[in-house]
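Colleague: My questions concern the predicted model and sequence given below.
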Protein chains: 2
Amino acid sequence: MANDLLAVEEARARIIAALTPTAAETVALADGAGRVLARGVVARLTQPPADVSAMDGYAVRAADAPEGAVLRMAGAAPAGRPFAGRVGPGEAVRIFTGGFVPDGADAILLQEDASPSDGAVRVNETVQAGRWIRRRGLDFAEGTQVLPARRKLTARDIGLAAASNNPWLAVHRRPRVGILATGDEIALPGDPIPPGGIVSSNAHALAALVRAAGGEPVVLPIAPDDTAAIADVAAGAHAFDLLVTTGGASVGDHDLIQQALGGEGFELGFWKIAMRPGKPLIWGRLGRTPVLGLPGNPVSALVCGVVFLIPAIARLSGLEGAPTPTRRVLTAVPLAQNDRRADHLRAALSVDAQGRMLVTPAPVQDSSMLATLARADALVMRAPFAPALPAGAEVEAIILAELGV
Amino acid sequence: MANDLLAVEEARARIIAALTPTAAETVALADGAGRVLARGVVARLTQPPADVSAMDGYAVRAADAPEGAVLRMAGAAPAGRPFAGRVGPGEAVRIFTGGFVPDGADAILLQEDASPSDGAVRVNETVQAGRWIRRRGLDFAEGTQVLPARRKLTARDIGLAAASNNPWLAVHRRPRVGILATGDEIALPGDPIPPGGIVSSNAHALAALVRAAGGEPVVLPIAPDDTAAIADVAAGAHAFDLLVTTGGASVGDHDLIQQALGGEGFELGFWKIAMRPGKPLIWGRLGRTPVLGLPGNPVSALVCGVVFLIPAIARLSGLEGAPTPTRRVLTAVPLAQNDRRADHLRAALSVDAQGRMLVTPAPVQDSSMLATLARADALVMRAPFAPALPAGAEVEAIILAELGV
């Protein structure tokens, strides 16, 4: 039995290997946060543009400024208004943080170490050459790359791109992800529910996940379980960088999907993944568009979304598509030995008196319990055949808040 | 000297205490992710709506299904198409995961424990009453609250709100945050730079931070250092839930801002905060609009944004406005004793062979170095007068990626 199950890592690696990043687009600096750079950002100026003062005080020649010296005030250099002249022997120029150090000066006498008087200033603490001067280019120099390609831009990066005078950025286009829920028995929230049916939750939950991961979700109308409806969707798949389906991934659905998509050049595999929740997965291609088929069960769909879809969107966005990051934390309760499937236990996070992160898996992990997933802070990873662990043992966990989902 | 400095915690507490959450608005379920609920979400149906099968198999009466029994096939109950009849003595009904358990049946015989033959099924393993049945309401019951007010909605919550049949959500309006950069010497990226001037980076970096924190930023035109321009902005402040300024917070700017805003009923304080980077802060009110004045230095502005603005936006959004979350990590290098100001050292994060998180502060922490901030993964917190620490000691750090900034 174990041989027909695909390991989680292997499945993710195959998915990532089959994807290529979207092409570049130009966006305004103000729209760049959260996007992935397609080209590095190069500084268009040098910052600071000249040697500047790091403090409020006086620009002086250090050789003239031992303790007790009295220097003649030759002018002032506030930030933004450089002193035009030169600091001569025995002279000082009033200067403020960010002010250009005038020619001739080689150090700053701190304000608190000086006694100004009419037209002169007394040095109360010997000044060292070079002290309190920020050198030209300390932050960055014109022509150097300040942000590399393939970087996901933070608010701080936007500041750096702005400061280095870049009003435009070349970023990867947000991957457009079509999301298709299939099934005769599902209805949209607020719509009439067919007898024995349920309300569709996967499409909108996955749309939120796609958006959090940096993609642009397009929620398609629900497709009933008939070949014509599914073929219609397939015919429009070229509009997407990735088509995600939910439902229709069970063994019994194999023929329906094969038949519906056969005419559109569908190459697909039904994968049984060695994981829980979320065993059945479809992975394939409709023409040029990759297709990821998630289980119909909402908990399985979302856990598979975390494990496979987030890395896939990262890859399409221009990143590496690395495995979902995990943290080592401590289990607050004993854990049973695991079976042959990688488990993802829905768990609450807490912090103990020593500041260590503890996870407490929900006592019932039934895959139909969506509320338990919504309340969870983390997914505790249990490898296939992981041994039983006592309370206090170290485990790996996906911290859901860190993924924004 | 220490007495005139305000502690970081005290300043943040005063800011939070002065703010009230925005009013509620109705948004479509699909737009709810990342928003904060103004009213709890109540389930409008019971899930599952009836006792359902947790597995593929046969609905049976356990009393009739010891190992070796042969049961007569009375029909089928796939998901979405309930079996209309009743399972009588000695009968079985084919059932699939999610299918309603028919009247009369009290347990599920697993598919793998059964041998079907023409019109009958043989029990290969004794069935226990209640086994493999998910009880009506296991996930949630109609009328119960599935998501509480004041919760920031995740993708999983959107799934739960959908599954419980809620197409609309009542959430707090995104706080609209006006952002004003002031200064004669600053220019927008790509615009001509005045002699001795610099390119404005704060406004757009703070806008990205505001958006990441759940606010709606409005970047105002740069105001020169004159009273009329600043008074103009003040007159429009009522459009914002919070007005953030950068620059003009130094002691020397006090008079200019006081004078410019005097006519608009400005009540303000200039606070010297015991922190680095980022000492000077303005906190006040223009009419009903709170005003947070950040330093003009880009590193200071962003660090103060993390420490004060993110909690302020959280509070305006309907959350508690708790301190920026920190984690205990290990310093990879020795740390010097700290002076009287709380320090926020820009640091790289790494993980050691034991899976522990290490921080390595950048060797030069000059507050003019924006590139060092952009490259940082974390801010290592050093309390006022914190003692020197050896490499390997525990420290608290703000993990910037967790804040999305």
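Modeller: Looks like it arrived, so ask away. Note that the structure is predicted; figures quoted are calculated from it, not measured.
Colleague: Tell me where the stretch 201-350 of chain A has helices.
Modeller: A:202-212, A:227-235, A:254-261, A:298-304, A:310-316 (DSSP state H, counting those that start in this stretch).
Colleague: top strand in chain A by residue count?
Modeller: Counting by DSSP state E, the longest strand found in chain A is strand A:342-351.
Colleague: buried sites along it?
Modeller: If you call a residue buried by 16 or more other Cβ atoms under 10 Å in any protein chain shown, then strand A:342-351 has these buried ones: A:A342, A:D343, A:H344, A:L345, A:R346, A:A347, A:L349. (C-beta placed from N, C-alpha, C; glycine too.)
Colleague: Stretch A:144-159 too?
Modeller: The neighbour-count check on stretch A:144-159 (16+ other Cβ under 10 Å) flags A:V146, A:L147, A:A149, A:R151, A:K152, A:L153, A:T154, A:A155, A:R156, A:D157, A:I158, A:G159 as buried.
Colleague: Just the C-alphas of it, formatted as PDB.
Modeller: Taking Å, rounded to 0.1, in the frame of the first residue of the first chain, the C-alpha atoms of stretch A:144-159 are listed here in PDB:
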ATOM      1  CA  THR A 144      25.400  50.100  -6.800                       C
ATOM      2  CA  GLN A 145      22.600  47.700  -6.500                       C
ATOM      3  CA  VAL A 146      20.600  48.400  -3.300                       C
ATOM      4  CA  LEU A 147      18.000  45.700  -3.800                       C
ATOM      5  CA  PRO A 148      18.500  42.400  -5.700                       C
ATOM      6  CA  ALA A 149      16.200  40.800  -8.200                       C
ATOM      7  CA  ARG A 150      14.000  38.000  -6.700                       C
ATOM      8  CA  ARG A 151      13.500  40.000  -3.500                       C
ATOM      9  CA  LYS A 152      10.000  40.400  -2.100                       C
ATOM     10  CA  LEU A 153       9.700  44.000  -1.300                       C
ATOM     11  CA  THR A 154       9.100  45.200   2.300                       C
ATOM     12  CA  ALA A 155       8.000  48.600   3.400                       C
ATOM     13  CA  ARG A 156      11.600  49.300   4.300                       C
ATOM     14  CA  ASP A 157      12.700  48.300   0.800                       C
ATOM     15  CA  ILE A 158      10.200  50.800  -0.600                       C
ATOM     16  CA  GLY A 159      11.900  53.400   1.500                       C
END
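Colleague: Any idea how far it is from the middle of the chain?
Modeller: On the basis of Cα atoms, centre = their mean, to the nearest Å, the separation between the geometric centre of stretch A:144-159 and that of its chain is 12 Å.
Colleague: quick one: contacts for the most centrally placed residue in chain A?
Modeller: Closest to where the C-alpha atoms of chain A average out (Cα atoms, centre = their mean) is A:K152, at 6.2 Å. A:K152 makes contacts with A:G34, A:R35, A:V36, A:G214, A:S317, A:L319, as judged by Cβ atoms under 8 Å, 6 or more residues apart in numbering or on different chains.
Colleague: A:V93 too?
Modeller: For A:V93, the contacting residues are A:Y58, A:A59, A:M73, A:A74, A:G75, A:A76, A:A77, A:F83, A:V87, A:P102, A:A105, taking Cβ under 8 Å, 6+ apart as the criterion.
Colleague: and the least confident of those?
Modeller: Ranked by pLDDT, the contacts of A:V93 bottom out at A:A77, which has 80.
Colleague: if I read this right, that residue contacts A:G98, doesn't it?
Modeller: No - the pair formed by A:A77 and A:G98 falls short of the contact definition of Cβ atoms under 8 Å, at 9.7 Å.
Colleague: Overlap of the contact sets of those two?
Modeller: With Cβ under 8 Å, 6+ apart as the test, A:A77 and A:G98 both reach A:S53.
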